[in-house]
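Chemist: output the structure for:
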Amino acid sequence: MKATYLVPAIAAMTTVAAQAEGVERGIKCCNERVTLKPYVSASYTYDSNVDSGKHGKAGSQWIINPGLGAEYNGDNWAVDAAVWYQYHAYNRYTSQLNQSSYGESLKLKWTNAAPDEKGWNVLISERFQQIAQDDDMSNHNGRGMGRDRKELNGEMAVERRINRYLHADLTGDYYLLDYDNNVDKYATLYGWKRLSLGGQLGYTASHWSDILLAANYQWYWQDNDTDRDEWSRGEASSRGRRVRSDSKGWSVMGGLATHATEKLTYKVLAGWSRFEYGSGTKDIDGWTYQLNGNWQVDAENTLNVSVLGSSYYQPSEREYGSAIKVYNLSAGVRKSLVRNKLHVTADLAYRKETHEYTEYAEDDYDEDIWTARVGVTYDVNRYVSVFGRLEYQTEETEGGGARSHEYDYDRWRGTVGVRLTY
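Modeler: Modelled structure (predicted):
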């Protein structure tokens, strides 16, 4: 059974451009239940603004990326695992930026429920990444800014189908963001951790739709024991005040989701959220939303359209003693041509950050980030694919004092590469 309700982040839409980077064949073994997918790719990228800054310099880089994926499909179990490595070689700032990225991921699914029947569905996933600064211009539209960092994410969901109409979920997730604050390279950022527990109730109103009610509670811990920019604030920092590192929050949402369809899936939730920043330093609340959907336009699955959106509160990663509200919205399309050998993708993402609380008035600004990408992949034969990608990103800030417009920039990148898949 395809579980469409459990933990949106586990099955959330990845960027559409990533869905079509070559065709995966793999090596079958263990009575066809296990598929191994080894690959290696090499690419070259020209970057108009390596610094992601107002006066950044142009540069380029080579990336070598080997990896291995593995899938297991049993009667009740499905397992998806991957490990990967990347080496980035830059022609500018080579002593600072040449470095490695690597990561691994694991997803487990178990079910004993037939469609519309009583039973259980369980999803467990974890992912670790050591990310180099310029892995992808889309990083800022997910979690984490463009900076060397570690990310660890673990998620779990347990769904009980009570009968053909009712189902209930218990969910939990843990997220860690740890920046490499090497002052010889760049200014410092503030990482954070979050633990979230929640639940969801659903009623199958029709063959195609569910009515949902969801709630969760979160605990946050931020790496902000010291104001690392205190030296630059002058008299404004003379108070010597310190913001507590722990915060709490909760949200209650309701909405609709598809129950069972092969071509169109969606989930839309909206409701009220509260964020108690800095252990009572500032209480913030407001409306938030979650949105994800995918439309398989044709029966041959050659045209797909996807959307993804969310809003939430979190500690600021850039400014000390600040809480922000984040709005994300993205859409993408994937089209296969030439007897499924040529894949064209395009996506557009928008991210807005508003400072809901700031310790210093100069940090009270809003930030808007737009990212657009177009990608092409052509499968030369069973083993070889060539690909190209063009990306553009612009960031604008408004408000605040000295920080206003300090982070504004435009940036575009062009990439060409080859991928070998066995």
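
Chemist: okay, and the helix or strand of the chain with the least pLDDT?
Modeler: Evaluated with mean pLDDT, DSSP states H and E, the helix-and-strand set of the chain has its lowest mean pLDDT in helix 94-97, which scores a mean of 61.

Chemist: restricting to C-alpha, output the following helix or strand past that helix in PDB.
Modeler: For helix 94-97, the following helix or strand on the C-terminal side (DSSP states H and E) is strand 99-111. Once side chains and other backbone atoms are set aside, the C-alpha atoms of strand 99-111 remain, and they are given as PDB (Å, rounded to 0.1, in the frame of the first residue of the first chain):
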ATOM      1  CA  GLN A  99      37.200  20.200   0.100                       C
ATOM      2  CA  SER A 100      34.900  17.200   0.300                       C
ATOM      3  CA  SER A 101      31.200  16.600   0.800                       C
ATOM      4  CA  TYR A 102      29.700  13.200   1.800                       C
ATOM      5  CA  GLY A 103      26.600  11.700   3.200                       C
ATOM      6  CA  GLU A 104      24.300   8.700   3.700                       C
ATOM      7  CA  SER A 105      20.600   8.100   4.000                       C
ATOM      8  CA  LEU A 106      18.300   5.200   5.000                       C
ATOM      9  CA  LYS A 107      14.500   4.800   4.700                       C
ATOM     10  CA  LEU A 108      12.500   1.900   5.900                       C
ATOM     11  CA  LYS A 109       8.800   1.200   5.200                       C
ATOM     12  CA  TRP A 110       6.700  -1.500   6.700                       C
ATOM     13  CA  THR A 111       3.000  -2.200   6.200                       C
END
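
Chemist: if you count neighbours, what's buried in strand 99-111?
Modeler: For strand 99-111, the buried set under the neighbour-count rule, 16 or more other C-beta atoms under 10 Å, comprises Ser101, Gly103, Ser105, Leu106, Lys107, Leu108, Lys109, Thr111. C-beta here means a position set from N, CA and C on the backbone, and glycine is covered the same way.

Chemist: swap in stretch 379-387?
Modeler: Taking 16+ other C-beta under 10 Å as the basis for neighbour counts, the residues of stretch 379-387 that come out buried are Asp379, Ser385, Phe387.

Chemist: please enumerate the strands of the stretch 151-300 of the chain.
Modeler: Under the criterion DSSP state E, counting those that start in this stretch, strands of the stretch 151-300 of the chain are mapped to 166-179, 192-204, 209-222, 246-258, 264-277, 282-296.

Chemist: ditto for the stretch 301-422 of the chain
Modeler: With DSSP E, counting those that start in this stretch as the definition, the stretch 301-422 of the chain shows strands at residue ranges 303-315, 322-337, 342-358, 365-379, 384-399, 409-421.

Chemist: among the strands of the stretch 151-300 of the chain, which comes closest to Arg147?
Modeler: Comparing those against Arg147 with C-beta to C-beta, the closest turns out to be strand 166-179 (5.5 Å).

Chemist: tell me the angle of that closest one relative to strand 303-315?
Modeler: The directions of strand 166-179 and strand 303-315 differ by 70 degrees, with axes from the mean of the first three to the mean of the last three C-alpha atoms, to 10 degrees as the criterion.

Chemist: and strand 166-179, what's buried?
Modeler: Here strand 166-179 shows His167, Asp169, Thr171, Gly172, Asp173, Tyr175, Leu176, Leu177, Asp178, Tyr179 as buried, counting by 16+ other C-beta under 10 Å.

Chemist: same deal with stretch 178-194?
Modeler: By neighbour count, and taking 16+ other C-beta under 10 Å as the criterion, the buried residues in stretch 178-194 are Asp178, Tyr179, Asp180, Asn181, Tyr186, Thr188, Leu189, Tyr190, Gly191, Trp192, Lys193, Arg194.
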